[in-house]
Structure formats: structure tokens, C-alpha cells
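Enquirer: Give me a model of this one.
(chains A and B)
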There are 2 protein chains.
Amino acid sequence: MGVHNVMEDVVRDTLLSYKNKMNLTCDCEQCLSDISALALNELPPRYIANSKYSPYVRATHEADMQGATTIIAVIAKSAALVSKSPRCEAFALKQGQ
Amino acid sequence: MGVHNVMEDVVRDTLLSYKNKMNLTCDCEQCLSDISALALNELPPRYIANSKYSPYVRATHEADMQGATTIIAVIAKSAALVSKSPRCEAFALKQGQ
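Expert: Numbers count the residues shown, from 1 in each chain, chains lettered A, B, ... in the order given. The predicted structure is shown next:
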């Protein structure tokens, strides 16, 4: 059953655009995944069964300024949480030096 | 960023276990995907960043009887909706005969 949550793409793109402004302690792949997972658990899912409709769903998200602000706010909150206690090896190594 | 919604697995397994009891008009791959997507948009997402933790999250869902009942109810509602107006080619062909 091929279903896809378009919100995953929206969160990934938003995170990649804003990560430099979010004062992340670490921006390794694992920390970015942690931030995404936390944010996606708070945002409403937008599942579609056919990926050809993905651009339409994304377009509604891009047009919805209030929704976009909510998404950025949720990602910033998740980023702050992960930055406070990153659990990646890269950070553990940095701390150990 | 490798994130995965464990709820996708829970919905897929529940749907496959109960689909014979749901009086589906059509149980082709596309209709099952439509039912899953509708159900997943109503259920709370359970994203994880590391798939090795998937069994733990699933275990909490299996232990939670009230949650399991909610999941079945949401899937049954989605199945009724898709069964009322299936949009797959298999069904269109059957109708055309």
C-alpha cells in the first residue's frame, strides 16, 4: 500500500531552509531526523495514496501563510529541544574532546 | 532524514487483518491505499527517527486496547467511505461490464 505523508516533504524543506537561523547545536543527519520526527508528531498528517497529487497538497501549504507559520514554529520548538540534548555520536565525540 | 511513521505499519496490519470483515466493495491495492491514507490522516502520527525502536512503539499500541479500538473504528469509517465510491480502475471495469 503506497501511501505518503506530504507533510514529511514540507517539514524537510522548511527545516533545510531555516536550519541556519535556528542556532542548532549540531546539524548532523541524526539530529535533523530527530527534529523532523518530533515536528511531524505535532503537525497534522497529510497522507495521499497517489504521489502525483503531491504538488497540489504542497501548493495548498505554500499558499496558507498561517499554516506555514505554525509549521516553522513547531520545527523551531523541536529544534530547540534537540539542541538542548542532542543524542548523536558526532556531538558526544565533540563533548569528549 | 530517515523518519518513519509507525502508525503506517499499525494501520496496514490492522487493515489486512480485518479487511474480510469490512464488506469492502473492492480490495485492490489502490482501494486499500485509499483507505490507509484516509485513516492515517485521522490518527495521531507516531514518527521515529530510528527504525530499531519501531517494535517498542508498536508494543505500546498493541497493549493499548482503547487505542486499538479507535484505530479499528477509524479504519472501518475510511473503508465505508472508499467502498461507497471506489475510484480504482478494477472497479470501473467491473461496473462497465
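
Enquirer: C-alpha from now on. contacts and neighbour counts both.
Expert: Will do.

Enquirer: Could you report the neighbour count for A:V74?
Expert: 21 (other Cα atoms under 10 Å in any protein chain shown).

Enquirer: Verify the stated contact: it with A:E42.
Expert: Yes. If you go by Cα atoms under 8 Å, A:V74 and A:E42 touch, sitting 7.3 Å apart.

Enquirer: Can you name the element that comes right after the longest helix seen in chain A?
Expert: Determined from DSSP state H, the single longest helix within chain A is helix A:65-84. Sequence-wise, the next helix or strand downstream of helix A:65-84 (DSSP states H and E) is helix A:89-96.

Enquirer: How about the contacts made by the closest residue to A:I75 other than its chain neighbours?
Expert: Nearest residue to A:I75 in three dimensions, chain neighbours excluded: A:A39, at 5.4 Å (Cα to Cα, 6 or more residues apart in numbering or on different chains). By Cα atoms under 8 Å, 6 or more residues apart in numbering or on different chains, the contact set of A:A39 is A:11, A:74-75, A:78.

Enquirer: is it possible to export those residues to JSON lines including distance to B:Q95?
Expert: What follows is the contacts of A:A39, written out as JSON lines (distance: Cα to Cα, whole Å):
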{"residue": "A:V11", "distance to B:Q95": "41"}
{"residue": "A:V74", "distance to B:Q95": "46"}
{"residue": "A:I75", "distance to B:Q95": "47"}
{"residue": "A:S78", "distance to B:Q95": "49"}
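
Enquirer: Compare those residues and tell me which is most surrounded.
Expert: Most neighbours among the contacts of A:A39, by other Cα under 10 Å: A:I75, with 27 neighbours.

Enquirer: Go through the helix or strand containing A:L16 and flag the buried ones.
Expert: A:L16 is part of helix A:6-18, with elements assigned from DSSP H and E. Within helix A:6-18, the residues that count as buried by 16 or more other Cα atoms under 10 Å in any protein chain shown are A:6-8, A:10-12, A:14-15.

Enquirer: Intersect those with the contacts of chain B.
Expert: When Cα under 8 Å from any Cα of the partner chain is applied, the members of the buried residues of helix A:6-18 adjacent to chain B are A:R12.

Enquirer: what's the closest of the buried residues of helix A:6-18 to A:F91?
Expert: Nearest to A:F91 out of those is A:L15 (Cα to Cα; 19.4 Å).

Enquirer: Does the closest one touch A:K77 like I think?
Expert: No. Here A:L15 does not reach A:K77: they are 11.7 Å apart, not a contact under Cα under 8 Å.

Enquirer: Near chain B, which residues of chain A are found?
Expert: A:1-4, A:12, A:29-30, A:32-34, A:36-38, A:40-42, A:44-49.

Enquirer: which of those count as buried?
Expert: A:1, A:3-4, A:12, A:30, A:32-34, A:36-38, A:40-42, A:44-49.

Enquirer: Show only the entries of these found in strands.
Expert: Counting by DSSP state E, those place A:4, A:47-48 in strands.

Enquirer: Make CSV out of those and add pLDDT.
Expert: Formatted as CSV, these follow (pLDDT from 0 to 100):
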residue, pLDDT
A:H4, 95
A:Y47, 96
A:I48, 95
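
Enquirer: If anything else comes up later, I'll come back, but that's it for now.
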